[in-house]
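**Q** when you get a sec, could you give me coordinates for this:
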Amino acid sequence: MSTVTKTGYDVDFVEWTAQTAELLREGRFAEVDLEHLAEEIEDLGKSHRYAVESQMRRLLLNLIKVRIQPECAGSSWLHSIGSARRALEDRLQDSPSLRRYLEENLARFYRQAVADAFFETKLAKRAAGLDIPADCPYTLDELLGPDPEALLA
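**A** Now for the predicted structure:
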């Protein structure tokens, strides 16, 4: 019967990160748990992609809700649009390569946001009568551009 040896990674993740950082700073590379370190670095990238995806979907969701229920477009929706744009701007400034990820997936994010907007507003049954394009009517440059008011026109 084999026994599984638990590593510091498995026992206390935060302690493992502190120890790994110390080993790296000291140049003790042979002692670094490379497999787990590689996994964590990959997960960091995924986390950043998910963060911009989440903000883009929030931005699109609120733009769609404003379009289908303009009478309900209060400060909460407008604030959400503005804060999502600022969060995206910050993330893209730190990681410009995420822009390509947003461009490549904008159509999918838009379709998901449309479905979410209809669900949230309970207007799915009236979707055909509402003026919601099947394809995203915004470019990434427009969504992130200097004039957020243009998105509401």
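
**Q** so where is this structure shaky, pLDDT-wise?
**A** 1-7, 125, 127-129 (pLDDT under 70).

**Q** now do Arg86 against Gly145, distance only.
**A** According to Cβ to Cβ, to the nearest Å, Arg86 stands 13 Å off from Gly145. To be clear about C-beta, it is placed using only N, CA and C from the backbone, and glycine gets the same treatment.

**Q** any idea how far the residue lying closest to Phe118 once chain neighbours are set aside is from Glu35?
**A** Closest residue to Phe118 apart from its sequence neighbours, by Cβ to Cβ, 6 or more residues apart in numbering: Ala124 at 4.1 Å. Per Cβ to Cβ, Ala124 is found 46 Å from Glu35.

**Q** look at these two and report which has more neighbours.
**A** Taking neighbours as other Cβ atoms under 10 Å, Ala124 and Glu35 compare with Ala124 leading, 14 against 10.

**Q** isn't the more buried one up against Asp116?
**A** No. Using Cβ atoms under 8 Å, Ala124 is not in contact with Asp116, being 10.5 Å away.

**Q** can you name the next helix or strand after the lengthiest helix in the chain?
**A** The longest helix of the chain (DSSP state H) is helix 34-68. Using DSSP states H and E, the helix or strand that follows helix 34-68 in sequence is helix 75-94.

**Q** tilt between that next one and helix 34-68?
**A** Going by axes from the mean of the first three to the mean of the last three Cα atoms, to 10 degrees, helix 75-94 is angled at 140 degrees with respect to helix 34-68.
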